[in-house]
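>>> got a predicted model here, sequence first, then my questions.
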Amino acid sequence: MQKTTADLFKGLLTVSLLICMLLPMADHVLAADEAAGEDPVETAFFSGGAVNGYFENQTAYRANSPNRFSQVRNRLQVELRSNVREWGRLFLQLRGDYDPVYDLYTDDFPKTVRDEYRSSLSAENPLKETVREIYLDIPLDTMDIRLGRQQVVWGEAIGLRITDVVNPQDYRNFILDDFVDSRIPMWMARLNYYVDDWTLELLWIPQFEPDREALAGSTWEWTFNRIEPPAGMTVRIFDPEKPDANLENSETGMRLSGLLAGWNLSLSYLNVWDDMPARHVTFNPRTFSLDVSQKYHRLPLWGFTFANAFGSFVPRGEFSYARGKYYSTADPSAVEGLVRKDYLHTMVGTDYSLADFLFTFQVVQKIILDPDEAIYEESVQTSYSVWIQANLLHETLKPELLAIFSPSDEGWMVRPRVAYAATDTITLSAGADLFSGPPRSFFGQFDTNDQVYVKFKTSF
Amino acid sequence: MTNQTRGSIIHLLPGIICFLIWMAAPVLAAEISGLDIMKKVDQLEDGDDQSSRAVYTLINRRGQQRVRNTVRFWKDYNGREGFDSKMITFFESPPDVKGTAFLSWSYMDEDRDDDQWLFLPALRKVRRIAAGNKDDYFMGTDFTYDDMGDRKVEEDTHTLLKSEPCGTDECYVVESVPKRKRDMYSKKITWVDSKRWLIQKVDFYDRKGRFLKTLTMVWQEVKGIWTWKRGEMKNHLSQHSTVIDVQEVKVNTGLEDRVFIERTLKRGMTF
């Protein structure tokens, strides 16, 4: 708790320092009226405030035993925007969650899970849970600067992260939440520099933050990659060790994106930490156990994306190349059960529009280069996805179907859903999350977690 | 000629003159063709740039209303760098679509599709999208993209049917039949103000020849440029209708090129 509060304080301090450094540049800021040829007007420090948000209840019921509610999540999200003088804009996103499932079924979950999942206030770091994003935008003539806790969204793929890996991911609800809700915002300084149709984006992230895995004993705990010890031996898994917060351990990134002969293109490079820890396995003769210490390592990533439109088709592609990821291996000669390999992650796909329907097809492959058969992870993982969305009855009725099939591990997920806009501010939805496959597959691990749900959302 | 006969002719003279004018009317009207009229409509001056706020009110058969507020900026490129025009639209309400923005670049080359991008605040991402089929309905309204003015004059065969009073004006009534057999309309009947070449009303007939929709329009003049003030499209089959109220129209304000770029999609109206 103290450590995370210290993290937040460091983030705030970083942003404050950056703001102080940038304030002298405010003279060069483009005020909103300048484009129209009007003189900037002296304004209050904060002006033009706006408040938006929504309240949402999502109630899910397990289709497998034990048949009970798996989620009754109530979420209030409030967003505040305000101009700061004539030179900046402030954005604040607050969120509060409460899920009574963790009060109803106390015997089904360990206390750590109940505390962390019940509500934003009972979680380990309530401040971080409730103040999701807070950043200051400073628009300049040829560049934009954004300072604060924020999300960076890159890439072309739908429902998949290939180059969209700047922010870590919250896996507490598996991959069922929209990315905008499951990306974990990070403290960072971000600069976009514009030249004609091109944008150069630079990122500096002072402190690394890892993915948030589902806790042991929770509904969506990952089991497909669980380490099975030899008979008679136990496994001791230690908490992951985060790298120290210092300048040397900060993360950086850059991306060049723009338009060339009708193609939307981007090239990116990230000098970041792998969001998932490597498992360093050692045999402890004193306890006759396998000790697993989880450590984070640097993972440089190069990315490339493209998109264009040809009639009703919008082909898209996304590629990333990662250098030196640590993989767990069964090779007894490997030091601490790990080998380093490069990998290539690719997606090619297309959107196809037909009347009120939009079809999205994607083929995704993750390939470990120079593979080693002893590596636990499949060296070539392929998946196919189809997403069909419709906009009916004057865009009030929106049925959709997402299906992902992974022939590599024979797992699949199907998510039908229908949303009805009852009014301009109220939307009612119903859907299902269905999984199948072997227990050691990404989707198959949740074969008994099928659920149906209804959702009520009111926006303001 | 007796005085009686002369008196009868004098009495009949106004009637005769009216009859001759009535007989000559089609001949006079025939001097201008349906194609000429629709070209004049198409060639109406729309300025170098325009900005406006539009309120879309969608009304279903039970009278329930949904309201969408948008702000639109448009710039005529007149072929500069190959562009015909560029347009950006921001959605201000309802709340769940607030912040959505749509950018479109259209080209002089008629064979080239528009380039279009959509910024969805829910995704925090600008996405390249397919140039919509012109028959697609715009934002769930009763207007297709063609109805909003995207349709080219050459796509239809135009026939002048008659001229008749419409309100305080005289209107040409033109029938437009699509040259493309697969078009969503079998024909349109358009009432065009004969003085200002402004469309007053359009009747749409579907592929089966059924009376489908009626558009009625009210115009406003801003700096010598005629723009929509109000357009109401009523679907007679579904009993659904859409009213577009256009407000705060500004023309020729010198909108800069940097308004119509991807950066603006994400930043919103802070240019």
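Cool, the structure landed.
>>> how long is stretch A:376-396 from one end to the other?
Here the two ends of stretch A:376-396 are set 47 Å apart, with distance taken as C-alpha to C-alpha, to the nearest Å.
>>> chain neighbours aside, what residue packs nearest to residue A:341?
Take residue A:341 and drop its neighbours on the chain: the residue closest to it by C-beta to C-beta, 6 or more residues apart in numbering or on different chains is residue A:368, 5.1 Å away. Yep, even glycine has a C-beta here, placed from its N, CA and C like the rest.
>>> how about the residue in the stretch 351-460 of chain A positioned nearest to chain B: what's its closest non-neighbour residue?
The shortest separation between the stretch 351-460 of chain A and chain B is 3.1 Å, found at residue A:395 (distances taken as C-beta to the nearest C-beta). On the basis of C-beta to C-beta, 6+ apart, the spatially nearest residue to residue A:395 that is not a chain neighbour turns out to be residue B:140, at 3.1 Å.
>>> then residue A:412?
Of all residues not flanking residue A:412 in the chain, residue A:405 sits nearest, at 4.4 Å (C-beta to C-beta, 6+ apart).
>>> my guess is residue B:139 contacts residue B:68. True?
Yes: with contact defined as C-beta atoms under 8 Å, residue B:139 reaches residue B:68; the gap is 6.2 Å.
>>> what touches both of the two?
In terms of C-beta atoms under 8 Å, 6 or more residues apart in numbering or on different chains, residue B:139 and residue B:68 are both contacted by the residues residue B:56.
>>> so for stretch B:221-233, mean pLDDT?
Stretch B:221-233 shows a mean pLDDT of 96.
>>> ok, residues contacting that stretch?
Defining contact as C-beta under 8 Å, 6+ apart, one finds that stretch B:221-233 is touched by B:44-47, B:50, B:52, B:141-143, B:147, B:196, B:198, B:213-220, B:241-246, B:249-252.
>>> filter those residues down to the buried ones.
Among the contacts of stretch B:221-233, the ones that count as buried by 16 or more other C-beta atoms under 10 Å in any protein chain shown are B:47, B:50, B:52, B:141-143, B:147, B:198, B:213-215, B:217, B:219, B:241-244, B:246, B:249-251.
>>> what residues are up against residue B:247?
The neighbourhood of residue B:247, defined by C-beta under 8 Å, 6+ apart, consists of B:52-55.
>>> the helices in the chain, which residues?
No chain in the question, so chain A it is. Taking DSSP state H to define them, one finds helices in chain A at A:2-22, A:101-104, A:111-118, A:126-130, A:179-182.
>>> actually chain B
Taking DSSP H as the test, the helices found in chain B are B:3-29, B:34-42, B:262-267.
>>> out of the ones you listed, which gets the lowest mean score?
Per-segment confidence across the helices of chain B bottoms out at helix B:3-29, which has a mean of 53 in mean pLDDT.
>>> how near is the closest residue in space to residue A:444 that isn't next to it in sequence to residue A:401?
Leaving out its chain neighbours, the residue that sits closest to residue A:444 by C-beta to C-beta, 6+ apart is residue A:437, at 2.5 Å. Between residue A:437 and residue A:401 the computed distance is 18 Å (C-beta to C-beta, to the nearest Å).
>>> so for those two, which residue has more residues nearby?
Taking residue A:437 and residue A:401 together and counting by other C-beta atoms under 10 Å in any protein chain shown, residue A:437 has the greater number of neighbours (20 against 15).
>>> ok, now how distant is that one from residue A:447?
6 Å.
>>> kindly report the same for residue B:200.
64 Å.
>>> residue ranges with poor pLDDT in chain A?
A:1-43 (pLDDT under 70).
>>> hang on, the earlier thing: what's the neighbour count on the residue nearest to residue A:395?
In terms of burial, residue B:140 registers 20 neighbours under the definition other C-beta under 10 Å.
>>> so what's it up against?
For residue B:140, the contacting residues are A:391, A:394-396, B:58, by C-beta under 8 Å, 6+ apart.
>>> report how many residues lie close to the nearest residue to residue B:46 once chain neighbours are set aside.
With C-beta to C-beta, 6+ apart as the criterion, residue B:46 has its nearest non-adjacent residue at 6.2 Å, and that residue is residue B:225. Counted with other C-beta under 10 Å, residues neighbouring residue B:225 total 16.
>>> so which bits of the stretch 151-271 of chain B are right by chain A?
Within the stretch 151-271 of chain B, the positions near chain A by C-beta under 8 Å from any C-beta of the partner chain are B:240, B:253-256, B:258-259, B:261-263, B:267, B:269-271.
>>> buried subset of those residues, written for PyMOL?
If you want just the buried ones from those in PyMOL, going by 16+ other C-beta under 10 Å, the selection is:
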select buried, chain B and resi 240+253+255+259+261+262+263+267+271
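>>> which ones among the residues of the stretch 151-271 of chain B next to chain A map onto strands?
Cross-referencing these against strands under DSSP state E gives no overlap.
>>> show me where the stretch 201-350 of chain A has its strands.
A:234-237, A:251-260, A:263-273, A:278-284, A:289-295, A:298-307, A:313-328, A:338-354 (DSSP state E, counting those that start in this stretch).
>>> kindly reformat the ones you listed as JSON lines containing distance to residue A:136 and mean neighbour count.
What follows is those, written out as JSON lines (distance: least, C-beta to C-beta, whole Å; neighbours: other C-beta atoms under 10 Å in any protein chain shown):
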{"stretch": "strand A:234-237", "distance to residue A:136": "40", "mean neighbour count": "13"}
{"stretch": "strand A:251-260", "distance to residue A:136": "20", "mean neighbour count": "17"}
{"stretch": "strand A:263-273", "distance to residue A:136": "23", "mean neighbour count": "19"}
{"stretch": "strand A:278-284", "distance to residue A:136": "36", "mean neighbour count": "17"}
{"stretch": "strand A:289-295", "distance to residue A:136": "34", "mean neighbour count": "17"}
{"stretch": "strand A:298-307", "distance to residue A:136": "27", "mean neighbour count": "19"}
{"stretch": "strand A:313-328", "distance to residue A:136": "30", "mean neighbour count": "19"}
{"stretch": "strand A:338-354", "distance to residue A:136": "33", "mean neighbour count": "18"}
